[in-house]
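Enquirer: Any chance you can model this:
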Amino acid sequence: MVLQYQQRIPTSISSEIENGLDFILLHLEEPLFLRKISTHKSNNKQFLVRTREEVIDAFTASSFVDCQINAYPYLTEYKGIQRYKPNFLFIDIDRNNFDTERKFQNALSSTLRNIKEKLEGAVPTILFTGGGYHIYQPVDIPTALENITEFQEFDRPSELLLRFAKYYFSNNKADKHNNPSFRSCLVRIPGSYRSKYDIKVKIVKKWNGIRAPITVDFLEEFRTWLIQNKIDQQKQREKLLIERSKNKNKFVGSSSNYYNWIEHLIQKPIEDFRKLVIDLILAPYLINVRKLSHSESYTIIKNWLDKCNELRKLDNYRNFVNYRIHYALNTAYKKQIPPMSFITLKKNYKDLYFLLEQKERIVEGSKKGGKD
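Expert: A predicted model of the protein is given here:
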């Protein structure tokens, strides 16, 4: 694919990419580096860069195909004192989510109108990326929400604000598969090529340079949304507990047939879907079903991940292990939600289901107890 683009891209594209990168960097606050980027050559996996020159070199090596940069820097102290401020909002309006062009364009228009009404002075950047529009709006917010008393009762409020803004401004029309987070808020570079659509990323409208202030009214609406989410999650937990109590004969312990498939999974490393498996299956199972301690659960998942890494190595593996396992175990303990059921896996995560099925029939362990 990269060679295909190399054969037709004129040498002048390099200056266009540099201009596109510099334009995007204007949207971002200091520190600009360390920061992660991704390219077609990296198989769209993020990797660290330390300077603008490193970014240009990486984009050039990928023939300017699928060039993206994270809107948020790589903070080495994220688990300590330093916190991310949610100062860059990203909304993705995907053409595939609308059955007519008119509805697609109306979604863009209403989103821009909402931004203008809710954020004083806001004129965001709009990119056409082949599959739809990306809307980038820098905002002015003095601190991370974790530092504000009214938000300290919530988990990760700063990051959740990115997702709230996406739905809030788009009237729930934004792409549901694109959930911005500080680790995955990847911004495309104008002038680069989008391999999926064989098209160049183009600027439709430029940001006016104003970092629109986040208003008190906006934060109040966000806090109301957080409260409602908390209520909904509690209702969901209660519903699950009721359902589990009705089938308590299936939930006696880790030896129960209902969870045999997870015990089989622990013995079988896989190449992909590791984050999903840890968050939704292994951590809730070990903490809430087997009732193991944090350290015991950590060891089991760490051993499983080590085996997975022998099949396909992950970048920054040590950091991934330390952060992801502790985060998943803490979340499982805090929310007390049981692991994903086998029926849910088969229904909603078909790619993972088929991968497990190929791994020497891991799902054989679910046959006797895989019914809800």
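
Enquirer: what's the helix or strand encompassing Ile91 in contact with?
Expert: Of the helices and strands defined by DSSP states H and E, Ile91 is found in strand 88-94. When contacts are taken as CB atoms under 8 Å, 6 or more residues apart in numbering, the neighbours of strand 88-94 outside the stretch itself are 27-29, 71-72, 104, 107-108, 111, 124, 131-139, 162, 165-166, 169-170, 173-175, 177-178, 180, 185, 187. Every residue, glycine included, has its C-beta placed from N, CA and C.

Enquirer: any idea which helix or strand comes after that strand?
Expert: Moving toward the C-terminus from strand 88-94, the next helix or strand (DSSP H and E) is helix 101-118.

Enquirer: So Pro138 lies in a strand, does it not?
Expert: Yes: going by DSSP: H, G, I helix; E, B strand; the rest coil, the assignment for Pro138 places it inside a strand.

Enquirer: List buried residues within the contacts of strand 88-94.
Expert: Neighbour-count burial (16 or more other CB atoms under 10 Å) applied to the contacts of strand 88-94 gives 27-28, 71-72, 104, 107-108, 111, 124, 131-139, 162, 165-166, 169-170, 173-175, 178, 180, 185, 187.

Enquirer: on that earlier part again, take the contacts of strand 88-94 and keep only those in strands.
Expert: Counting by DSSP state E, the members of those that fall within strands are 132-139, 187.

Enquirer: measure Ser109 to Ile91 for me?
Expert: Here Ser109 is placed at a distance of 13 Å from Ile91 (CB to CB, to the nearest Å).

Enquirer: Compare those two (neighbour count), which wins?
Expert: Of the pair Ser109 and Ile91, Ile91 is the one with more neighbours under other CB atoms under 10 Å, namely 29 against 10.

Enquirer: ok, and the closest non-adjacent residue to the more buried one?
Expert: By the measure of CB to CB, 6 or more residues apart in numbering, the closest residue to Ile91 outside its immediate chain neighbours is Ile135, 4.2 Å from it.

Enquirer: Show the pLDDT at that neighbour.
Expert: The score at Ile135 is 98. That number is its pLDDT.

Enquirer: helix or strand for Val204, which one?
Expert: Here Val204, judged by DSSP H and E, is contained in strand 202-205.

Enquirer: ok so, going back, what's across from the residue nearest to Ile91 in the sheet?
Expert: Beta bridges link Ile135 to Ile91, Ile126, judged by DSSP bridges.

Enquirer: same deal with the one 5 residues further on?
Expert: Applying DSSP bridges to Asp140 yields these beta-bridge partners: Pro213.

Enquirer: Relative to Ala212, how far out is it?
Expert: Using CB to CB, we find Asp140 at a distance of 7 Å from Ala212.

Enquirer: These two: who's more crowded?
Expert: Comparing Asp140 with Ala212 by other CB under 10 Å, the one with more neighbours is Ala212, at 22 against 14.

Enquirer: surely the more buried one meets Ile141?
Expert: No: with contacts counted by CB atoms under 8 Å, Ala212 stays clear of Ile141, the gap being 9.9 Å.

Enquirer: Next, the buried residues of stretch 208-226.
Expert: By neighbour count, with 16+ other CB under 10 Å as the criterion, the buried positions of stretch 208-226 are 210-212, 214, 218-219, 222-223, 225-226.

Enquirer: Which of these fall in strands?
Expert: Among the buried residues of stretch 208-226, the members falling in strands (DSSP E) are Ala212.

Enquirer: quick one: contacts for the residue nearest to Ile199 when sequence neighbours are not counted?
Expert: Distances taken as CB to CB, 6+ apart place Gly130 nearest to Ile199, at 4.1 Å, with adjacent residues excluded. The neighbours of Gly130, taking CB under 8 Å, 6+ apart as the test, are 194, 196-199, 201.

Enquirer: Asn309 now?
Expert: Contacts here follow CB under 8 Å, 6+ apart; on that basis Asn309 touches Tyr317.

Enquirer: rerun at 10 Å
Expert: Residues counted as contacts of Asn309 (CB atoms under 10 Å, 6 or more residues apart in numbering) are 269, 271, 274, 317, 320-321.

Enquirer: try Gly131
Expert: Contacts of Gly131 were listed using CB under 10 Å, 6+ apart, and they are 92-97, 175, 194, 196-197, 199.

Enquirer: which stretches of the stretch 151-300 of the chain form helices?
Expert: Listed from the start of the chain, the stretch 151-300 of the chain has helices (DSSP state H, counting those that start in this stretch) covering 157-170, 216-246, 260-266, 274-277, 283-284, 294-311.
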